[in-house]
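Q: here you go, sequence then predicted model.
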Amino acid sequence: ANPDGTLPSTEKPARNLQSLLERRGFSIDLRTTAVAKEELTSLLEEKAALLDNRHCLFFLYLGHGSPQGELSLKERQLIPVESLYGLMRNIRARKIMVFECCYGNHYLQNIPPNSVVAVAQGKPAIGYTNIFSEGLVNVLQQNSRGMYFEDLVAQACSKVKLQLMKSDMEPKVEAKSVIY
């Protein structure tokens, strides 16, 4: 979500991630422009109906975060983290959420169960847009052997110094969580 055009382009790293993950068997629902609150809500409700505990949902937000813990959506709509996490709680799949935006400290509180959240470290008001995406692309390109998706995300986070928090993550060995 880059509604006012003030962030560097997020499309190239998003497309790189899409290509690398699709080659490894993942289904990707990519949005490279800002979405409306209703569209995001509808998409997450659809995922709640489709995904179960055998799946892994990877949610990457590249955009603006507010000092009040809201994400900026299309036409300057905002979604509070509490509302987003409420939608995420309805999804039974393991959830990996990465917020490349300012004020990431808000997203480390009241994390939904069975979730991992990554945010930029350092000053709480500054996010490093595209850094995680670039780190994940780098790790994917360097690893040709199988790797659990959660481990892949952890490696990308450590590579680019993102803070990673877990909430009741249930370890499961499932084909979709292994990168080949």
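A: That came in fine, so what should we check first? Numbers count the residues shown, from 1 in each chain.

Q: what are the contacting residues of the longest helix seen in the chain?
A: Of all the segments assigned as helix in the chain under DSSP state H, the longest by residue count is helix 37-50. Taking Cβ atoms under 8 Å, 6 or more residues apart in numbering as the criterion, the residues outside helix 37-50 that touch it are 29, 35, 57, 73-74, 77-79, 84, 87-88, 90-93. In short, each C-beta sits where N, CA and C put it, glycine included.

Q: buried subset of these?
A: Buried residues within the contacts of helix 37-50, defined by neighbour count using 16 or more other Cβ atoms under 10 Å: 35, 57, 73-74, 77, 79, 84, 87-88, 91-93.

Q: now the strands for the chain?
A: If you assign secondary structure with DSSP state E, the strands in the chain sit at 56-62, 70-72, 78-80, 94-100, 115-120, 147-148, 162-167, 178-179.

Q: what separation do you get for F59 and Q142?
A: Look at F59 and Q142: by Cβ to Cβ, to the nearest Å, they are 24 Å apart.

Q: er, K37 I mean
A: Plainly put, K37 is 37 Å away from Q142 if you go by Cβ to Cβ.

Q: those two: who's more crowded?
A: The residue with the greater number of neighbours, taking K37 and Q142 and applying other Cβ atoms under 10 Å, is K37; the counts read 16 against 9.
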